[in-house]
Every structure is written in C-alpha cells, then in structure tokens.
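S.K.: predicted model and sequence follow; I will ask about them next.
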Amino acid sequence: MAEERKVCLRGSKLTKVFGLGRQKTVAVDHVDFSFYEGEIVSIVGESGSGKTTLAKMLLGLLNPTEGEVYFQGKKRDIGTHKKKKEYWKNIQAIFQDPFSSYNIFHKIDSVLLDCINMRGGRKFSHTKKVEMMTEACGFVNLKFEELTNKYPFELSGGQMQRLMIARIFLLKPKILLADEPTSMIDACSRATILDMLMQLRKEIGMTIIFITHDIGLAYYVSDSVYIMEHGKFVESGTADEVILHPQEAYTQRLINDVPKIYEEWDLSTV
Ligand SMILES: Nc1ncnc2c1ncn2[C@@H]1O[C@H](COP(=O)(O)OP(=O)(O)OP(=O)(O)O)[C@@H](O)[C@H]1O
Ligand SMILES: [Mg+2]
C-alpha cells in the first residue's frame, strides 16, 4: 500500500439474531469490515437489510449475538457503564429521527453543555462555555442567543438536525455514524447538512459512516461502499468499483432504481 491507512473500526463475523425458533430473524449475518481513519463509508441496502441493527451494534446499543468489534486495533470493551461512556467519546451518531436523540426535558443549553463536559470542559468558565456553544451553533447557522432556554421540541426538524451537528462539532468524535440523516428534510437543507458534515470531517479528520437506501448519495460522498442484503455484505469496495462496476445482481438492481442520475454520472466519469 502506498500510504499507510489506519483501521479505525473493524468487525469480525458480527451477527445479530432477534427472537427464537420460528420467530427468529437473522438481522445481521456474520459481516466483516474494516473502516479506515478519516474515510467516508456508505452502507447501502434495502429496507430491512439490517443497516440500523448493525449501526446499533457499532454504537454499543445492542449486544452482538456473535462476532467482535475492534476499535483502533483493540477488541472493544464496553462491559461497564464507565467504559461505555469512554467509548462514546469516540463514536457518535445522528439518527433517522432527531427527536429520539434528545432528552426532551433538557433545554438546548444543557444538551450542548453536556457535550462540553463530556470533552473534559466541566471546569471551563461560564464565559468560555458560552463562547464554545456560540461557535458550535454558528458552524451550523443557528443563533445560540435564540436557542438558549428553548426545548428541543420547540425547534423545526431542520433546526434539530443542525443542532445534532453542532453537538458533533463540540464532541469531535473519531467516528460519526449517520443513519439516514437527511431523510426528513428537503433537498436544499440536505445538501447544506452534507456540506457541514464534509467540512467537519476535514477539520477533525473523523470517519463518517453513512447508512442509506440512496446509492446516489453513496456514490457522491463515499470513499468505500458496502452493499447489504438480508444481513450480509454482498459486495464492497471503492465507490467507483461498486457503483460503476457492480458485480452483484442486487447492487445492479439498487443502481437501476436511480437510472437517470447514474447515467449522468456515467457520462461524466467514464
Ligand atoms: N428489536 C428487534 N426485534 C426483532 N426484530 C428486529 C428488531 N430490530 C430489527 N429487527 C428486524 O431485523 C431486520 C433488520 O432491521 P433493520 O432495522 O436493521 O433494517 P434497516 O436496514 O435499518 O431497514 P430500514 O432501511 O427500513 O431502516 C428486520 O427484519 C427487522 O424486522
Ligand atoms: Mg434503518
């Protein structure tokens, strides 16, 4: 390899089975992967293919039935609450439904203050904390003065999405998992949010894992693409390999769902 790329997150035979007997669902089925530092990975698959289940295992919100997760070369250990909290400094998520990510009884100030405290800023002066929160809100085009004293449910969907990115700005995790982060907002703010995430990646060098149905988005933003079908990775590689030269019929079918966009790219890239 010409340049040295460090593996940030690795999975070995990672598996999740829900239920027992006839009710059994193998949601994630022995997947292997290596995500590198600073790269953008997309995991693409149809509804029910196991994407969110995999994301939850990566985050430590669901226990794998089988297999292991390795973080920065070491087997992940999140056996205690303390270790879990330590792990969450490194990996953060933006979920499909931003409402589910906040404690609705916490005002926005305390959502952001929590982030500063988590990053060891508990002892900072109040002025310094306000400065940091103002900067983070500014990064996502929100005005801190207008948000202070509000509750998350008093924000619009788009504002809430941006508040989530402001949290990431303060937390500066090594890995950001974005599970369909743009599904509930219009195309224009969708592009803005993608831009913000890309800029954030440049600034703090984080790995971004996008989870999406949208193979067009995956092609546009990713270094690597993993295609998921019935809990398995059926194909993976660089975005060009997987999307311009798919080997699997399933990948081909996902691409054919967006024929027009694909043809445009085809012309400009081949
Ligand atoms: N808590 C659970 N208990 C039982 N089955 C579950 C649970 N969570 C998910 N499943 C099942 O696991 C499979 C994968 O679900 P998952 O939510 O991971 O899919 P997904 O790829 O994220 O789909 P979508 O694109 O619709 O979000 C589905 O068959 C689902 O019904
Ligand atoms: Mg999902």
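M.R.: Looks like it arrived, so ask away. Because the structure is a prediction, the values reported are computed rather than measured. Numbers count the residues shown, from 1 in each chain. Ligands and ions are numbered 1, 2, ... in the order given.
S.K.: between the two ends of stretch 65-75, how far is it?
M.R.: 16 Å (C-alpha to C-alpha, to the nearest Å).
S.K.: anything in that stretch near ligand 1?
M.R.: No: Stretch 65-75 lies apart from ligand 1 when judged by C-beta under 6 Å from any ligand atom; the minimum separation is 11.9 Å. (Glycine included, C-beta is placed from N, CA and C.)
S.K.: and that stretch, which residues are buried?
M.R.: By neighbour count on 16 or more other C-beta atoms under 10 Å, the buried set for stretch 65-75 is 67, 69, 71.
S.K.: kindly report the same for stretch 230-243.
M.R.: Buried, per 16+ other C-beta under 10 Å, within stretch 230-243: 231-236, 239, 242-243.
S.K.: ok, now stretch 36-46?
M.R.: Buried, per 16+ other C-beta under 10 Å, within stretch 36-46: 36-45.
S.K.: for it, give the mean pLDDT please.
M.R.: Per-region confidence: stretch 36-46 scores 95 on mean pLDDT.
S.K.: for it, C-alpha coordinates in CSV please.
M.R.: Output of stretch 36-46 as CSV, limited to C-alpha atoms (Å, rounded to 0.1, in the frame of the first residue of the first chain):
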residue,chain,number,x,y,z
TYR,A,36,-10.3,3.4,8.0
GLU,A,37,-9.4,6.6,9.8
GLY,A,38,-10.8,9.7,8.0
GLU,A,39,-12.7,7.8,5.3
ILE,A,40,-16.3,8.1,4.3
VAL,A,41,-18.1,4.8,4.2
SER,A,42,-21.6,4.2,3.0
ILE,A,43,-23.6,1.1,3.9
VAL,A,44,-26.4,0.8,1.3
GLY,A,45,-29.3,-1.7,1.3
GLU,A,46,-33.0,-2.1,1.1
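S.K.: that one: how far from the chain's middle?
M.R.: Taking C-alpha atoms, centre = their mean, to the nearest Å, the mean C-alpha location of stretch 36-46 is offset from the chain mean by 9 Å.
S.K.: just the pLDDT at residue 212, thanks.
M.R.: pLDDT, residue 212: 87.
S.K.: right, and it touches residue 221 too?
M.R.: No: the pair residue 212 and residue 221 does not pass the contact test of C-beta atoms under 8 Å, sitting 9.4 Å apart.
S.K.: secondary structure and distance to residue 115 added to the buried residues of stretch 36-46, as CSV?
M.R.: Output for the buried residues of stretch 36-46, formatted as CSV (DSSP: H, G, I helix; E, B strand; the rest coil; distance: C-beta to C-beta, whole Å):
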residue, secondary structure, distance to residue 115
36, strand, 26
37, coil, 22
38, coil, 22
39, coil, 24
40, strand, 23
41, strand, 24
42, strand, 26
43, strand, 26
44, strand, 30
45, strand, 31
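S.K.: between the residues you listed, which sits nearest ligand 1?
M.R.: If you rank the buried residues of stretch 36-46 by distance to ligand 1 using C-beta to the nearest ligand atom, residue 45 comes first, at 5.6 Å.
S.K.: for that closest one, what are its contacts?
M.R.: Contacts for residue 45 (C-beta atoms under 8 Å, 6 or more residues apart in numbering) come out as 51, 213, 227-229, 254.
S.K.: which residue comes closest to it once chain neighbours are left out?
M.R.: residue 228 (3.3 Å; C-beta to C-beta, 6 or more residues apart in numbering).
S.K.: so is the one you found in a helix, a strand, or just coil?
M.R.: Judged by DSSP: H, G, I helix; E, B strand; the rest coil, the three-state class of residue 228 is strand.
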